[in-house]
Each structure stands twice: as C-alpha cells, then as structure tokens.
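In: sequence first, predicted model second:
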Amino acid sequence: MIAASRRLICDISEEEKRRELKDIADVYGQNNFEEFMEDPKCSACGKPAEKRCSRCKLEWYCSRECQVAAWKDHKKLCDVMVAAQAEEAKSKAKENVEQTN
C-alpha cells in the first residue's frame, strides 16, 4: 500500500499533491482516524505500539529502534505531512485574524 501511495503521489501535479495532502491533513488534524483505528501497531515490525513519530504524529512504533530503522522510508511522507499540517495551521490562523478584524 505504501509503495502504491508513493507511486500515486509521484504521478500527480504539485497542485494536486497540495490539494490531496490538505485533505489528508484535514482528516488527520482532526484526529478522526483514531476513533476507527484498532490498537496501534508498529509500522516497522507489527508489534503493539505505544510511541508515535514526534513530527507528524501519524506513524506508530514499539521502540526507538524500530523508529530509527523505519526513518529512511518514513521521512518523505513525514516531511510532506508536516508541511501540510503547517500550511493548514497557517491558513486557520489567517482565517482567525480575518474574522477578528
């Protein structure tokens, strides 16, 4: 699934990527997915996980070792999601300023 997601992301325009990532960030930013999620599993080994990526908060890990081992593959998605989350926060802050004026 991750390989398919990477391929799809690579095959679309930058504008489409931004739009898709904004939609994803909207869903993840609202933490809606946790209500439907089973107990988190480590994305590296599949064991029960209690730790999350400290940047994007999307990937789960059972240990620091698994997080470090998975970082090379996770980094690209993490960078994109953090950027999308920052853009969403910036947009919301702008809306709040406009509403108070």
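Out: That came through fine. Everything numeric in this text was worked out from a predicted model, so none of it was measured. Numbering: from 1, shown residues only.

In: where do the strands sit along this protein?
Out: Secondary structure of the chain, counting by DSSP state E: strands at 51-52, 60-61.

In: possible to save those as a markdown table with distance to Gln85, mean pLDDT and mean neighbour count?
Out: Where you see a C-beta, it was placed from the backbone N, CA and C, and this is true even at glycine. A markdown table is the format used below for the strands of the chain (distance: least, CB to CB, whole Å; pLDDT from 0 to 100; neighbours: other CB atoms under 10 Å):
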| stretch | distance to Gln85 | mean pLDDT | mean neighbour count |
| --- | --- | --- | --- |
| strand 51-52 | 14 | 94 | 14 |
| strand 60-61 | 17 | 96 | 23 |
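
In: CSV please, covering these and showing distance to Arg19.
Out: Rendered in CSV, the data for the strands of the chain read as follows (distance: least, CB to CB, whole Å):
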stretch, distance to Arg19
strand 51-52, 26
strand 60-61, 27
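
In: of these, which is nearest Ser91?
Out: Ser91 lies closest, by CB to CB, to one member of those: strand 51-52, at 24.0 Å.

In: please name the strands paired to the closest one in the sheet, noting orientation.
Out: Take DSSP bridges as the rule and strand 51-52 pairs in its sheet with strand 60-61 (antiparallel).

In: and the strands of the chain: which comes nearest Cys45?
Out: Closest of these to Cys45 is strand 60-61, at 8.6 Å (criterion: CB to CB).

In: any idea how far the closest one is from the chain center?
Out: Offset of strand 60-61 from its chain centre (CA atoms, centre = their mean, to the nearest Å): 13 Å.

In: ok, residues contacting it?
Out: Contacting residues not belonging to strand 60-61 are listed as 40-44, 49-53, 67, 70 [CB atoms under 8 Å, 6 or more residues apart in numbering].

In: which of those are buried?
Out: Neighbour-count burial (16 or more other CB atoms under 10 Å) is assigned, among the contacts of strand 60-61, to 40, 42-44, 49, 53, 67, 70.

In: what about those residues, which are in helices?
Out: Counting by DSSP state H, the part of the buried ones among the contacts of strand 60-61 found in helices is 67, 70.

In: kindly indicate which of the buried ones among the contacts of strand 60-61 lies nearest Ala84.
Out: Cys53 (14.3 Å).
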